[in-house]
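**Q** Below is the structure, and that's it, no one-letter string:
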């Protein structure tokens, strides 16, 4: 089983996703950080 991401890392990814520029998708943000899009969606819901 893969190691879970640190909370700080998830918080950083969420912050970038929330401040993204027009035209930048959540999928692109997730790919830039090397996480699954579903993982990013879960973090956004939790935040």
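**A** Sure thing, it's come through. Please read all numbers here as calculations on a predicted model, not as lab measurements. Numbers count the residues shown, from 1 in each chain.
**Q** which non-adjacent residue is nearest the residue nearest to the spatial centre of the chain?
**A** By C-alpha atoms, centre = their mean, the chain has its centre lying nearest to residue 40, at 3.6 Å. Nearest residue to residue 40, sequence neighbours excluded (C-beta to C-beta, 6 or more residues apart in numbering): residue 30, at 4.4 Å. Heads up, the C-betas are built off the backbone N, CA and C, glycines and all.
**Q** Contact partners for residue 11?
**A** Residue 11 makes contact with residue 47, according to C-beta atoms under 8 Å, 6 or more residues apart in numbering.
**Q** for residue 39, same thing?
**A** By C-beta under 8 Å, 6+ apart, the residues touching residue 39 are 5, 30.
**Q** next one: the one 4 residues further on
**A** Residue 43 makes contact with 10, 13, 14, according to C-beta under 8 Å, 6+ apart.
**Q** Distance check, the first one against residue 3.
**A** In this view, residue 10 and residue 3 are 13 Å apart by C-beta to C-beta, to the nearest Å.
**Q** Neighbour count: the two, which is higher?
**A** residue 10 (20 against 5; other C-beta atoms under 10 Å).
**Q** buried sites along the helix or strand containing the more buried one?
**A** Using DSSP states H and E, residue 10 maps to helix 7-18. Of all the residues in helix 7-18, those buried under the rule 16 or more other C-beta atoms under 10 Å are 10, 13, 14, 17.
**Q** Now the second one: closest residue in space, sequence neighbours ignored.
**A** With C-beta to C-beta, 6+ apart as the criterion, residue 13 has its nearest non-adjacent residue at 4.9 Å, and that residue is residue 33.
**Q** The one you found - how many residues pack around it?
**A** Neighbours around residue 33, by other C-beta under 10 Å: 16.
**Q** now do the one 3 residues further on
**A** The number of residues packed near residue 36 is 11, by other C-beta under 10 Å.
**Q** can the buried residues of helix 7-18 go into CSV with extra columns for pLDDT and distance to residue 24?
**A** Below are those laid out as CSV (pLDDT from 0 to 100; distance: C-beta to C-beta, whole Å):
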residue, pLDDT, distance to residue 24
10, 95, 18
13, 97, 13
14, 97, 14
17, 96, 9
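**Q** That concludes my questions; thank you for your assistance.
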